[in-house]
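Engineer: Sequence plus the predicted model coming up.
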Amino acid sequence: MKPYEVGSLIKSYCTNCYHHEQIIIKVSPKEFSEKVVNTLWTQCTRCGENHTRLTQTTE
């Protein structure tokens, strides 16, 4: 799995305008007893709507 960096583009649909590209504005790692997940804070490149998304990291 690729690491997520602030400023990079990802393919994810906006729930407001259904545009397929978002930019990462913040990455917050969360550690649990068995897994590590990242909370991605993204922004739509078309309408500017902010979204959050959980992704699992493999370590």
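Structural biologist: Sure, I can see it. The shown structure was predicted, so the numbers you read here are calculated from the model rather than taken from an experiment. Residues are numbered from 1 along each chain as shown.
Engineer: so who does the residue most central in space within the chain touch?
Structural biologist: In the chain, the centroid-proximal residue (Cα atoms, centre = their mean) is L40; its distance is 3.2 Å. Neighbouring residues of L40 by Cβ atoms under 8 Å, 6 or more residues apart in numbering: Y4, I10, I24, K26, V27, T52, R53, L54, T55. Quick note: C-beta positions are derived from backbone N, CA and C, even for glycine.
Engineer: what number of residues lie near the closest residue to it other than its chain neighbours?
Structural biologist: Distances taken as Cβ to Cβ, 6 or more residues apart in numbering place R53 nearest to L40, at 4.6 Å, with adjacent residues excluded. Counted with other Cβ atoms under 10 Å, the neighbours of R53 add up to 14.
Engineer: any idea which helix or strand carries R53?
Structural biologist: strand 50-57 (DSSP states H and E).
Engineer: Quick one: residues in contact with that strand.
Structural biologist: Counting by Cβ under 8 Å, 6+ apart, 1, 3-4, 12, 14-15, 22, 25, 29, 35-44 sit against strand 50-57.
Engineer: Please repeat the previous calculation with a cut-off of 7 Å.
Structural biologist: Contacts to strand 50-57, defined as Cβ atoms under 7 Å, 6 or more residues apart in numbering, come from residues 1, 4, 12, 14-15, 22, 35-43.
Engineer: and the angle for the longest strand along the chain with strand 50-57?
Structural biologist: With secondary structure taken from DSSP state E, the chain has its longest strand at strand 21-31. Angle of strand 21-31 versus strand 50-57, following axes from the mean of the first three to the mean of the last three Cα atoms, to 10 degrees, is 50 degrees.
Engineer: got the CA coordinates for strand 21-31 in CSV?
Structural biologist: Taking Å, rounded to 0.1, in the frame of the first residue of the first chain, the C-alpha atoms of strand 21-31 are listed here in CSV:
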residue,chain,number,x,y,z
GLU,A,21,-10.5,13.7,-7.7
GLN,A,22,-9.7,14.9,-4.3
ILE,A,23,-6.5,16.4,-2.7
ILE,A,24,-5.2,15.3,0.7
ILE,A,25,-5.0,18.2,3.1
LYS,A,26,-4.2,16.2,6.3
VAL,A,27,-3.2,12.7,7.4
SER,A,28,-3.8,11.5,11.0
PRO,A,29,-2.5,8.0,11.9
LYS,A,30,-4.4,6.1,14.6
GLU,A,31,-3.0,3.1,16.3
